[in-house]
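*Asks:* 3D, please:
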Amino acid sequence: MKNKAIYLKVTNDMFWVQLFWAFGVMGVMLIIQIGKLILGINQGNAPDNFYSTFFVVANFFTFIIGIISASFLPYFVGNGVTRKDYFRGATLASIGLAVILPIIALVISVLTQFILKQVASVTFKEPNFDAFSSDSNLIGDIIQFLILTPYVNPESNLMLALGIFSLNILMYYLAGWLIGVAFYRFHTVIGLGFILISVTILTLENVLIRNTLNLPIHDNFSFIDLPVTIAVPVIVLIVLLVLWTIRSLTKNVTIKM
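*Replies:* Residues are numbered from 1 along each chain as shown. Coordinates of the predicted model:
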């Protein structure tokens, strides 16, 4: 079998397995969402829509499956797949997930809103991901940044909204993957160091995207003020640098059977 077919097989396997996990998370979220909608209607409260709710959850979910994706390495290598094909396949799978998940979330959100508005008078809450509470605590600001990633309302600019959502998902996936392969290759201390590196990368990416979109930024990070013509290439460079690091860590790693 040609190498091209092998890495595409890796892509196909990882994409569908991880998408199945995503469907499980979405299913649980949809059940919770329906329950909250019923309570909201009875109590007269405006509920959040599915898209904005999944927007927050998706980052952490893909971060976790990014970590887990490192465990696919010994499986594929044990079945005759090269480390290079594993890396290429996993990269394409992560991009596929980053593209498809926002679209699925949007479709579910639109359908649920449409159905509910046919049977009841429901007003959905407008999401606000820019409501920061700054207390001059750097760690607290970073945690808020990791939770409240840059958001664009799809009603205002659909393509930009989906693009930013996809970029957020991809970055969290890659950050998790970087941590996963670091722990697989090195001991715990170095692995913990890569957690710090990943948090720094996600924070920097967040600031740069907010810079590009003219969204609010914490005072602690206001010194990172780059024009769009520089910020966008830097964002792309960060993505490529993370991928290069992952490839370097997995290139000659000893497989633990």
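*Asks:* quick one: secondary structure of the residue nearest the centre of the chain?
*Replies:* By CA atoms, centre = their mean, the mean C-alpha position of the chain lies nearest to Ile169, the distance being 2.0 Å. Secondary structure, DSSP: H, G, I helix; E, B strand; the rest coil: Ile169 is helix.
*Asks:* cool, and Val81?
*Replies:* Val81 is classified as coil under three-state DSSP.
*Asks:* correct me, but it touches Leu8?
*Replies:* No - Val81 is beyond contact range of Leu8, at 11.4 Å (criterion: CB atoms under 8 Å). (C-beta placed from N, C-alpha, C; glycine too.)
*Asks:* Could you list the buried residues of stretch 220-234?
*Replies:* Asn220, Phe221, Ala231, Val234 (16 or more other CB atoms under 10 Å).
*Asks:* Dump those residues to a markdown table, plus pLDDT and secondary structure.
*Replies:* Below are the buried residues of stretch 220-234 laid out as a markdown table (pLDDT from 0 to 100; DSSP: H, G, I helix; E, B strand; the rest coil):
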| residue | pLDDT | secondary structure |
| --- | --- | --- |
| Asn220 | 71 | helix |
| Phe221 | 72 | helix |
| Ala231 | 87 | helix |
| Val234 | 93 | helix |
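*Asks:* re the thing from before, so what's the residue nearest to the centre of the chain closest to, chain neighbours aside?
*Replies:* Ala98 (4.3 Å; CB to CB, 6 or more residues apart in numbering).
*Asks:* which residues does that neighbour contact?
*Replies:* Thr62, Ser166, Leu167, Ile169, Leu170, Tyr173 (CB atoms under 8 Å, 6 or more residues apart in numbering).
*Asks:* Restricting to C-alpha, output the host helix or strand of the first one in CSV.
*Replies:* So the one you mean is Thr62. Using DSSP states H and E, Thr62 maps to helix 50-68. Output of helix 50-68 as CSV, limited to C-alpha atoms (Å, rounded to 0.1, in the frame of the first residue of the first chain):
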residue,chain,number,x,y,z
PHE,A,50,-26.7,25.6,21.5
TYR,A,51,-24.1,27.2,19.4
SER,A,52,-22.8,29.6,22.0
THR,A,53,-22.9,26.9,24.7
PHE,A,54,-20.9,24.4,22.6
PHE,A,55,-18.5,27.2,21.7
VAL,A,56,-17.2,27.1,25.3
VAL,A,57,-17.4,23.3,25.7
ALA,A,58,-15.7,22.5,22.3
ASN,A,59,-12.4,24.1,23.3
PHE,A,60,-11.9,21.9,26.3
PHE,A,61,-13.3,18.8,24.7
THR,A,62,-10.9,19.1,21.7
PHE,A,63,-8.1,19.9,24.2
ILE,A,64,-8.8,16.6,25.9
ILE,A,65,-9.0,14.6,22.7
GLY,A,66,-5.9,16.3,21.5
ILE,A,67,-4.1,14.8,24.6
ILE,A,68,-5.7,11.4,23.9
